[in-house]
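Asker: can't give you the sequence, but here's the structure:
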């Protein structure tokens with residue numbers, strides 16, 4: 001019960017929109033689709049040179065190859081609560097910056113750590129030591145880190161050169177740092193070492209030599225395990241593609257996969273893209289040029305030039321693969337399939353025979369559309385066994401494609417940015433739209449922000465050093481580029497394969513020496529966005545609902561309230577339809593409030609003042625009910641099993657048991673509870689609306705629907721888990737027919 005209360009308190013007070021704001025991994029989630037569909041501040045109407053531009057920047061001590069990450073409302077010891085953006089550099093440093101301002105006490109990093117020590121002879125690795133100029137001028141932290149918000153840990157791999165007298169060694173370490181301080185977690189760091197059965201030079205065991213490899217792709221955190229993928233330095237000598245797995249808590253190595261144990265090469269490059277993973281725990285990676293062979297007795301298969309599906313059940317093992325029919329010529333011409341990663345495509349783009357799709361492309365410029373349930377293996381003479389192969393579609397691809405709303409986006413080297421529709425498991429034969437600009441080597445990596453399916457904006461970093469924004473529904477519509485007002489908006493020197501990150505109304509772009517932050521300019525500071533605090537939907541607002549307001553200059557100070565909730569907090573006051581709204585949390589960029597129960601349905605004016613001055617206003621539409629399910633940081637439903645444990649893949653709900661899910665926006669209750677007051681446990685307040693629920697589209701009887709005792713604006717529904725097979729299923733709730741967002745829960749029969 002203590003764990004439950006902690007989770008609910010964080011949902012309501014400190015991180016009520018944690019699932020909407022946080023960016024914890026490369027391209028937002030493990031599908032690597034690169035789409036953030038709950039961005040309610042930035043839209044096509046305000047992303048333009050007059051309203052949007054460079055806000056500020058922070059200097060860093062080296063090239064940033066990894067994507068910045070973001071954690072909202074994080075308490076930093078001695079420095080209060082901040083939205084935090086994390087950056088790691090090739091100079092072996094990690095920074096935590098205030099994500100909203102670089103002024104005052106936020107002008108310096110909230111914390112920073114360096115893994116170097118000149119006195120001890122520990123430096124980053126000069127790129128010349130490797131004989132390869134792919135990562136320059138030094139090698140330190142290359143792969144995008146990953147964050148576990150539950151444990152408050154950021155994981156990353158750092159490479160160092162260590163000199164002691166005449167002895168020189170090269171070391172790779174996995175670090176687990178506390179996100180609030182940068183301190184090493186217990187057991188961290190661990191030196192990375194690995195062996196694998198094979199036909200190595202000296203016998204039957206292969207070893208990962210730290211000097212000969214770089215940790216290039218982003219890290220993957222999946223079901224309590226951290227996965228790291230490895231590539232060589234250029235195509236020098238004998239090397240292999242490795243994937244190493246570590247227990248996220250103990251940092252003990254728990255699995256090793258080698259892609260070419262009987263051959264050579266086949267590294268995992270992916271232009272920095274992290275391995276993708278599906279809800280069943282399968283991992284998807286793409287190997288570069290290297291040995292491919294059909295396995296003989298007693299030998300594992302070598303899978304160079306291949307799309308590989310790995311099962312994580314009991315370690316790491318090959319579950320399926322696809323190798324292009326022309327892999328030999330791809331090897332000969334150095335046209336790696338593995339120059340880019342893969343994107344997992346939503347089921348809405350599939351068909352009855354191919355419901356689960358993924359897509360990728362490599363240096364050849366051929367797009368592959370694959371069925372994740374049957375990748376296709378090898379077919380001599382053609383790729384007719386796969387869903388679709390589109391030759392000469394794009395320039396050579398590095399990094400990753402993106403996917404959003406039945407459209408795939410590719411930005412090949414020397415080519416235009418292109419969109420291809422995907423309907424009924426078929427891509428359009430040519431681009432449905434494309435940019436007027438061509439991108440030089442190595443192209444760009446697209447990322448998308450949207451509010452649901454509306455206001456979809458595609459963002460890229462041009463390798464020439466320009467941040468660009470396009471209408472994602474029509475790439476010919478160029479909304480913004482930072483060169484139009486270079487004196488104000490200049491990005492600086494870009495790093496190849498870089499991908500911008502969008503969070504909470506701002507765009508973060510890393511360069512060779514800085515983190516640059518873009519957003520709405522001061523003249524637009526009175527523009528605000530209002531959304532359901534659970535679902536993030538701007539249309540899901542009702543009396544009694546907890547909502548989040550985004551903007552700039554919304555409060556004088558950062559503060560968190562206690563019950564009963566005040567109507568003034570941190571210098572902020574919110575008025576909804578002429579009524580004062582209770583405030584749970586206040587910061588300059590975010591307010592969490594309760595819409596008064598007394599407010600009337602229909603269009604009402606919402607006004608914010610900070611220190612007595614107008615800080616924003618908006619007309620919002622209130623419905624009688626507007627259900628929104630709260631989500632946990634990993635994107636699953638905020639639900640508790642009958643035994644009091646938090647529902648998860650490791651703690652599924654049993655069939656026939658009762659789970660409790662938490663929402664807001666279920667409308668009037670009986671007996672009524674005063675706006676801003678914590679709901680009592682006696683008597684319980686029941687929802688007046690008719691509430692129903694489904695789990696996996698199967699009716700799940702609702703045993704209770706009412707206010708959660710001890711909280712404001714938080715509703716609890718107790719649901720009977722129906723007779724369904726074990727697995728992960730979408731939960732959806734309806735009140736008087738109005739549907740909530742969908743959130744996943746785990747079930748075991």
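Answerer: Looks like it arrived, so ask away. Keep in mind that what you see is a predicted model, and the values were worked out from it rather than measured.
Asker: quick one: secondary structure of residue 450?
Answerer: Here residue 450 takes the strand state, with states given by DSSP: H, G, I helix; E, B strand; the rest coil.
Asker: State the number of residues packed around it.
Answerer: Using other Cβ atoms under 10 Å, residue 450 is surrounded by 23 other residues. No exception for glycine: its C-beta is placed from N, CA and C like everyone else's.
Asker: give the contact list for it.
Answerer: Neighbouring residues of residue 450 by Cβ atoms under 8 Å, 6 or more residues apart in numbering: 35-37, 39, 404-405, 456-457, 472.
Asker: Low-confidence ranges, the stretch 201-350 of the chain, go.
Answerer: For the stretch 201-350 of the chain, the stretches flagged by pLDDT under 70 are 201-203, 296-299.
Asker: Helices along that one, start to end?
Answerer: Ranges of helices in the stretch 201-350 of the chain, per DSSP state H, counting those that start in this stretch, are 327-332.
Asker: for it, what spans make up the strands?
Answerer: Along the stretch 201-350 of the chain, counting by DSSP state E, counting those that start in this stretch, strands occupy 205-207, 213-214, 220-222, 225-232, 242-247, 253-258, 276-277, 283-286, 307-311, 317-323, 342-345.
Asker: got JSON lines for the ones you listed, with distance to residue 160 and mean neighbour count too?
Answerer: JSON lines is the format used below for the strands of the stretch 201-350 of the chain (distance: least, Cβ to Cβ, whole Å; neighbours: other Cβ atoms under 10 Å):
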{"stretch": "strand 205-207", "distance to residue 160": "19", "mean neighbour count": "17"}
{"stretch": "strand 213-214", "distance to residue 160": "12", "mean neighbour count": "24"}
{"stretch": "strand 220-222", "distance to residue 160": "23", "mean neighbour count": "22"}
{"stretch": "strand 225-232", "distance to residue 160": "16", "mean neighbour count": "26"}
{"stretch": "strand 242-247", "distance to residue 160": "18", "mean neighbour count": "22"}
{"stretch": "strand 253-258", "distance to residue 160": "19", "mean neighbour count": "20"}
{"stretch": "strand 276-277", "distance to residue 160": "29", "mean neighbour count": "26"}
{"stretch": "strand 283-286", "distance to residue 160": "26", "mean neighbour count": "26"}
{"stretch": "strand 307-311", "distance to residue 160": "29", "mean neighbour count": "23"}
{"stretch": "strand 317-323", "distance to residue 160": "32", "mean neighbour count": "19"}
{"stretch": "strand 342-345", "distance to residue 160": "31", "mean neighbour count": "24"}
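Asker: got a markdown table for those, with distance to residue 164 too?
Answerer: Converted to a markdown table, those look like this (distance: least, Cβ to Cβ, whole Å):
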| stretch | distance to residue 164 |
| --- | --- |
| strand 205-207 | 22 |
| strand 213-214 | 22 |
| strand 220-222 | 34 |
| strand 225-232 | 26 |
| strand 242-247 | 26 |
| strand 253-258 | 26 |
| strand 276-277 | 40 |
| strand 283-286 | 36 |
| strand 307-311 | 38 |
| strand 317-323 | 40 |
| strand 342-345 | 42 |
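Asker: Now render the contacts of residue 450 as CSV, adding secondary structure.
Answerer: Output for these, formatted as CSV (three-state DSSP):
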residue, secondary structure
35, strand
36, strand
37, coil
39, coil
404, strand
405, coil
456, strand
457, strand
472, coil
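Asker: Out of the strands of the stretch 201-350 of the chain, the one nearest residue 100 is which?
Answerer: Counting by Cβ to Cβ, residue 100 lies closest to strand 220-222 out of the strands of the stretch 201-350 of the chain; the figure is 25.7 Å.
Asker: Please name every helix or strand in contact with that closest one.
Answerer: In terms of contacts (3 or more Cβ pairs under 8 Å, 6 or more residues apart in numbering; DSSP states H and E), strand 220-222 is packed against strand 146-148, strand 225-232.
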